[in-house]
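Asks: following is a predicted model, sequence given first.
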Amino acid sequence: MKKYLIAFSVIALTSTAVTSCGEDFVDTEFFQSKPQEDIKTIEELQSFVFGAYGTMRGASYYGCDFVTIPELRSDAMYSNNRSGYYSTVSNYTMLSGDAYASGPYTAMYTTIAKANIILGTSNNLTWGETVDPAQIALKIKQLKGQAYAVRAQALFDALRLFGQQYSGGTTGVVVPLQYNPSANMARSSVQQTQAQIEADFNSALANLTGNANQVYSDKTVLNEFSVKALMSRYYLYKGDYAKVRSLVNDVVASGKYSVIPRDSYLTSWTLNNASSNSVFELAVGPIAALGSTSIHYKIAPANSYVNMPVKSTVVSSISAQDIRRSIFSASQNAAGTYIAAKYPNDNGEDNIRVSRYEEIILNGIEAELNGGDIAKAQTYWEMILKNRLADIVDGQGNVIKSIATQIQELGPIDMTKLKSERRKELVGEGFRMWDLLRWGGPIPKNATNGNVTANIAIGDNKLAFPIPLAETNVAGTLVKSNPGYDN
């Protein structure tokens with residue numbers, strides 16, 4: 001692989017010391033004549049970890065496009081193409097030069113490159129906090145554990161967007177395991193890519209589990225349980241329900257997270273690094289605010305491009321007693337219903353929730369419904385419902401129908417209800433197209449008014465994004481394009 005591997009180091013500077021990936025994090029590029037100069041200190045190694053997180057939060061990746069694209073190609077949301085955003089994605093007319101392909105591709109492989117620099121670093125480092133070799137070794141393991149997890153997630157994301165597992169082929173993505181800007185690598189198979197993702201996740205756990213340097217209170221730093229949460233997502237998409245059950249059990253048993261209560265649900269979206277249901281989030285804050293490139297500007301009903309409405313079927317599927325109905329709002333600037341609560345900051349300063357506890361519980365429900373314990377699936381479902389519904393009362397405040405009665409009337413959980421529940425809970429968070437694909441499709445092709453004009457079946461070439469022209473256009477490259485595109 002010749003393109004998109006960084007030729008500079010990224011140093012994380014804070015107002016005091018390099019100890020947190022919080023709101024005061026600054027991502028500064030220092031271009032060097034020797035881009036692969038050895039890292040010599042823990043502080044430098046830490047800076048590369050923060051730099052990898054910083055790349056993940058970019059507007060082409062988790063900061064916007066990688067989250068919005070799976071929603072507009074789904075039965076949950078759509079693009080009205082205001083200001084020209086997402087027209088080629090919505091219309092399935094992408095070409096190899098499309099920015100919605102090259103942007104995420106660049107960000108994913110830059111993230112991988114930074115992880116590779118971390119993982120290729122010698123363990124012979126110094127640390128300003130201690131000279132104890134045992135403590136230094138533990139800290140290095142903690143940092144490298146995060147890097148393994150970051151690389152696994154970036155490879156998983158690249159595989160979903162550019163691999164051929166849903167488009168009728170067997171080709172995965174390029175899997176670079178060392179930082180080498182001049183390397184020329186071919187794409188691995190889907191199976192080989194999956195094997196590396198799993199190996200990286202397992203290496204992350206080996207480095208993090210029991211490591212005294214883990215931080216559980218800081219949601220912007222990966223730990224063993226947030227890694228297990230990401231792994232439960234990966235194995236759910238792979239269909240390995242036994243592994244999902246085990247991973248979800250571990251996260252739940254840790255007692256470190258909880259479903260956000262109904263009365264805190266709306267305000268929870270305004271909390272950075274402080275919500276009980278946040279498992280892993282990417283720090284943004286005012287210094288790194290994404291502004292008009294943020295998710296807020298695509299999906300919010302006011303002070304934005306008002307680009308991505310929610311389908312009326314989603315809104316109507318949520319009862320009036322369900323607090324999730326309150327996240328929606330109409331817009332004065334464009335017809336339709338929009339998400340007002342999940343990305344509330346006008347300047348794009350919200351931390352980016354990569355993993356919420358409710359997703360983990362939903363993963364557990366699906367896994368238990370597929371070869372597990374149906375009673376446990378019901379328990380998991382009720383954990384969410386009890387924190388989303390309210391008693392139905394009359395004008396005098398008398399309870400007409402309790403939460404328990406409403407849950408009873410819904411009947412036992414099954415796959416149909418689970419699919420609906422995922423759409424209600426996770427709308428606008430970047431899951432729906434991937435869910436539809438792993439359930440066997442099809443994927444709706446939405447018009448600018450939200451009507452479905454076609455259904456894209458599993459096996460269609462266009463379900464894999466084009467490999468960017470800048471990657472396939474390199475002389476002598478081994479990277480092959482995806483079928484059906486212009487390169």
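Replies: Great, that's in hand.

Asks: mean confidence for the longest helix belonging to the chain?
Replies: Longest helix in the chain, counting residues (DSSP state H): helix 133-162. Per-residue pLDDT over helix 133-162 has a mean of 98.

Asks: centre of the chain to that helix, how far?
Replies: From the chain centre to the centre of helix 133-162 is a distance of 15 Å (C-alpha atoms, centre = their mean, to the nearest Å).

Asks: that one: what's the following helix or strand?
Replies: Note on helix 133-162: by DSSP states H and E, the next helix or strand toward the C-terminus is helix 190-208.

Asks: so which elements touch whichever helix or strand comes after that following helix?
Replies: On the C-terminal side of helix 190-208, the closest following helix or strand by DSSP H and E is helix 224-238. Applying 3 or more C-beta pairs under 8 Å, 6 or more residues apart in numbering; DSSP states H and E, we find helix 224-238 packed against helix 133-162, helix 190-208, helix 241-254, strand 278-282, strand 352-356, helix 357-369, helix 432-438. (Each C-beta comes from the backbone N, C-alpha and C, glycine too.)

Asks: return the set of buried residues in helix 224-238.
Replies: 224-238 (16 or more other C-beta atoms under 10 Å).

Asks: and which of those residues is nearest to G255?
Replies: Distance to G255 across the buried residues of helix 224-238 (C-beta to C-beta) is lowest for F225, with 9.8 Å.

Asks: need the contact list for that closest one.
Replies: Going by C-beta atoms under 8 Å, 6 or more residues apart in numbering, F225 touches Y216, D250, V251, S254, K256, Y257, V279.

Asks: equivalent analysis for N123, please.
Replies: By C-beta under 8 Å, 6+ apart, the neighbours of N123 are A137, I140.

Asks: wait, Y105 sits on E471?
Replies: Yes - assessed by C-beta atoms under 8 Å, Y105 is found in contact with E471 at 7.0 Å.

Asks: which residues in the stretch 301-450 of the chain form strands?
Replies: Counting by DSSP state E, counting those that start in this stretch, the stretch 301-450 of the chain has strands at residues 328-330, 337-339, 352-356, 392-393, 399-401, 443-446.

Asks: so which of those gets nearest M308?
Replies: So among those, strand 337-339 is nearest, using C-beta to C-beta, at 7.4 Å.

Asks: check what contacts that closest one and list those residues.
Replies: Residues contacting strand 337-339 (C-beta under 8 Å, 6+ apart): 299-301, 306, 308-310, 312, 315, 327-331, 427-428.

Asks: hmm, 7 Å instead?
Replies: 299-301, 306, 309-310, 312, 315, 327-331, 428 (C-beta atoms under 7 Å, 6 or more residues apart in numbering).

Asks: just the buried members of those?
Replies: I299, A300, P301, V306, P309, V310, V315, I327, F328, S331, G428.

Asks: mind giving me the packing neighbours of the longest helix of the chain?
Replies: For helix 133-162, the elements it packs on are helix 42-56, helix 99-119, helix 190-208, helix 224-238, judged by 3 or more C-beta pairs under 7 Å, 6 or more residues apart in numbering; DSSP states H and E.

Asks: same list (those) but as a markdown table, adding distance to R422 and mean pLDDT.
Replies: Listed next are the helices and strands packed on helix 133-162 as a markdown table, based on distance: least, C-beta to C-beta, whole Å; pLDDT from 0 to 100:
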| stretch | distance to R422 | mean pLDDT |
| --- | --- | --- |
| helix 42-56 | 23 | 97 |
| helix 99-119 | 23 | 98 |
| helix 190-208 | 22 | 98 |
| helix 224-238 | 10 | 98 |
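
Asks: so which of these comes closest to T453?
Replies: So among the helices and strands packed on helix 133-162, helix 99-119 is nearest, using C-beta to C-beta, at 19.5 Å.

Asks: for the spatially closest residue to N455 that is not a sequence neighbour, what are its contacts?
Replies: Closest residue to N455 apart from its sequence neighbours, by C-beta to C-beta, 6 or more residues apart in numbering: P442 at 3.9 Å. Contacts for P442 were tallied using C-beta under 7 Å, 6+ apart; they are N455, I456, A457.
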